[in-house]
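Asker: Coordinates for the following, if possible.
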Amino acid sequence: MVNITVTGAGGRMGKTIIAECIETNGVSLVSALEHEGNASLGKDAGIISGLDKIGVKIVDSATNAFKKSDVIIDFSAPEASVRNVELAGELGKAIVVGTTGFSVHHRDIIKEVSENTRVVLAPNMSVGVNVLLKLVSEAAKVLGDSYDLEIFEAHHRHKADAPSGTALRIAEVAAHALDRDLEKVAVYERKGIIGERGDKEIGVQTIRAGDIVGDHTVLFAGTGERIELIHRAHSRSTFASGAVRAARWVVQKASGLYDMQDVLGLK
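Answerer: Sure thing, here's the model as predicted:
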């Protein structure tokens, strides 16, 4: 049995992950965490996730919560996630992080902590999205510079960071396959008289509207034809399922920094 703590328990993803933990064989939700002052504190985690009472109350002490766990699943905010990773490292606990919007400095801290504990860091835990990443890499290698590459992402109106972590990861994977420096070729906005498109540009465009869970389209456009690779998430449960799968996988691994490609055996 893998004992799990879920952070951000009162949020949309937190509730979905709690429900996934409750309904998945082989794992046990032992603690649920929220920040001080959150309206969910003291409530039963099962009830707030829309299921029956399970006797696990939402708390605000990360140390006490983490000590009960084999692995932590964290979907929160960058600063909070980094603190949680550091605490997991101090306590020797594995952690699965699905938070997006990290700075280079944040990533450096997480990488350093992973030298002494097990960390899965992925902007998208969906199995389908990670298959998409594999397909993008293979397509980019075959199509090369003869095809223009554009990435479109759409999410709900409440999402704070843009572009999405998934879109950025797609761009990174494509740039690597094409032997390009993403920092030099990425184009995140076009407006006005911009001139002809550069041969090596990788466009990343953002939409924020309504309650869109998450759509990603990768367009390879050549002369006379185009290829579109599309992933649409219909429910947050797909991310929760992947996160729990990653949690079960990582507890058996040596210290290191992993992603969902590792979890799914796609490398």
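Asker: Now do the strands in the stretch 101-250 of the chain.
Answerer: Assigned by DSSP state E, counting those that start in this stretch, the strands in the stretch 101-250 of the chain fall at 118-121, 148-155, 186-187, 202-208, 214-221, 226-233.
Asker: Which one of those lies nearest to N130?
Answerer: strand 226-233 (9.7 Å; C-beta to C-beta). (Glycine included, C-beta is placed from N, CA and C.)
Asker: Report the buried residues of that closest one.
Answerer: 229, 231, 233 (16 or more other C-beta atoms under 10 Å).
Asker: Pick out whichever of these sits closest to G265.
Answerer: H231 (19.0 Å).
Asker: quick revisit: what is the nearest of the buried residues of strand 226-233 to M1?
Answerer: Nearest to M1 among these, with distances taken as C-beta to C-beta, is A233, at 28.9 Å.
Asker: surely that closest one meets G214?
Answerer: Yes - under the criterion of C-beta atoms under 8 Å, A233 makes contact with G214 at 4.1 Å.
Asker: per-residue pLDDT, E183?
Answerer: Note for E183: predicted pLDDT of 95.
Asker: correction: P123
Answerer: Looking at P123, the pLDDT reads 89.
Asker: And for the nearest residue to it once chain neighbours are set aside, the neighbour number?
Answerer: Closest residue to P123 in three dimensions, ignoring its sequence neighbours and counting by C-beta to C-beta, 6 or more residues apart in numbering: G165, at 2.8 Å. If you count neighbours by other C-beta atoms under 10 Å, G165 ends up with 19.
Asker: Check G98 too.
Answerer: 26.
Asker: returning to what we had before: and the residue nearest to P123, how far from E112?
Answerer: 20 Å (C-beta to C-beta, to the nearest Å).
Asker: I227 now?
Answerer: I227 is 39 Å from E112, by C-beta to C-beta.
Asker: cool, and D60?
Answerer: 26 Å.
Asker: What of S237?
Answerer: 33 Å.
Asker: How about A65?
Answerer: 23 Å.
Asker: Counting neighbours, go ahead and name the busier of these two.
Answerer: A65 (24 against 13).
Asker: Check which helix or strand the more buried one maps to.
Answerer: For A65, the host element (DSSP states H and E) is helix 62-67.
Asker: now what about the helix or strand following that helix, what contacts it?
Answerer: Sequence order places strand 71-74 as the next helix or strand after helix 62-67, per DSSP H and E. Strand 71-74 has contacts (C-beta atoms under 8 Å, 6 or more residues apart in numbering) with 2-8, 17, 21, 66, 80-81, 84-85, 88, 93-99, 118, 243-244, 247, 250-251.
Asker: For PyMOL, write the select line for the buried members of those.
Answerer: A single PyMOL command selects the buried members of those (16+ other C-beta under 10 Å):
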select buried, resi 2+3+4+5+6+7+8+17+21+66+80+81+84+85+88+93+94+95+96+97+98+99+118+243+244+247+250+251
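Asker: Just the ones in strands from the contacts of strand 71-74, please.
Answerer: 2-6, 94-97, 118 (DSSP state E).
Asker: quick revisit: in CSV, list the strands of the stretch 101-250 of the chain along with distance to A177.
Answerer: Formatted as CSV, these follow (distance: least, C-beta to C-beta, whole Å):
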stretch, distance to A177
strand 118-121, 20
strand 148-155, 10
strand 186-187, 15
strand 202-208, 11
strand 214-221, 12
strand 226-233, 13
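Asker: Which of these has the highest mean neighbour count?
Answerer: strand 118-121 (a mean of 25; mean count of other C-beta atoms under 10 Å).
Asker: chain center to that strand: distance?
Answerer: Computed by C-alpha atoms, centre = their mean, to the nearest Å, the chain-centroid distance of strand 118-121 equals 11 Å.
Asker: Neighbouring strands of it in the sheet, and parallel or not?
Answerer: strand 94-97 (parallel), strand 256-258 (parallel) (DSSP bridges).
Asker: okay, now the domains of this protein?
Answerer: Using automatic domain parsing, the domain ranges for the chain come out as 2-121+236-263, 127-233.
Asker: Quick check: I22 vs D44, distance?
Answerer: Taking C-beta to C-beta, one finds I22 at 11 Å from D44.
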